[in-house]
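J.: fold the following.
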Amino acid sequence: MVQGSFYLLRRKCGNPRCRCARGELHASWVITRSEAGKHRIYPVPDEARAWLRQLTAEYRRYQRARAVLVKRHQKMLALVDGLAELRLRPWPENHPPPMADLEIIEHHPQRVMEAFRRGEFDQIEIIGEADEKEFFELCFREKMLQVLAESMPTERKKIEVPL
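T.: Residues are numbered from 1 along each chain as shown. Here you go, the predicted structure:
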């Protein structure tokens, strides 16, 4: 397989006395593709034309087949998720609403990794010191910490779970 589109490119060379200035454009076989966000054109030598035509066609067939698989898998996953949703049971029956997502910034990498491995939380986001500084400056400037402190709930009540 070769990634790209294979086609006959027709264009002008820019010479005002050339036949292309009268409409007889220059033709050359090329493969075009996007690389790192830029459109690239590669000339195809005459002796490689038939071979590359087959390889680019094979790549197009692969892309179509992959797109079909992706759609089918998305549908299958949606069905599996729907089955799981039907089987889920609320537990415990009379439980308080879950806490809002809590984000904590911790500056002890070893302690954080150990807690992550123990399953104490399920996501780590690395924040650089510059980002951390900007975050706290924003918190103090906007008085976010005072607002949070005022809205913090009082001490939690212990919920007994029957064995």
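
J.: just the strands in the protein please.
T.: 5-11, 26-35, 38-43 (DSSP state E).

J.: closest to Ala84 out of the ones you listed?
T.: Of all the strands of the chain, strand 26-35 sits nearest to Ala84, with 38.2 Å by Cβ to Cβ. C-beta: built from backbone N, CA, C; applies to glycine.

J.: same list, the strands of the chain, but as TSV with distance to Asp81 and mean pLDDT please.
T.: TSV is the format used below for the strands of the chain (distance: least, Cβ to Cβ, whole Å; pLDDT from 0 to 100):
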stretch	distance to Asp81	mean pLDDT
strand 5-11	37	93
strand 26-35	33	94
strand 38-43	38	94
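
J.: out of those strands, nearest to Val68?
T.: strand 5-11 (20.2 Å).

J.: buried stuff in the closest one?
T.: Buried residues in strand 5-11, defined by neighbour count with 16 or more other Cβ atoms under 10 Å: Phe6.

J.: tell me what it is packed against?
T.: In terms of contacts (3 or more Cβ pairs under 8 Å, 6 or more residues apart in numbering; DSSP states H and E), strand 5-11 is packed against strand 26-35, helix 49-87.

J.: list the strands paired with that strand, with their directions.
T.: strand 26-35 (antiparallel) (DSSP bridges).

J.: buried sites along the partner strand?
T.: 29-31.

J.: likewise stretch 57-72?
T.: Neighbour counts using 16+ other Cβ under 10 Å place Tyr59 of stretch 57-72 among the buried residues.

J.: got the strands of the chain as CSV, with distance to Arg118 columns?
T.: Formatted as CSV, the strands of the chain follow (distance: least, Cβ to Cβ, whole Å):
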stretch, distance to Arg118
strand 5-11, 52
strand 26-35, 44
strand 38-43, 46
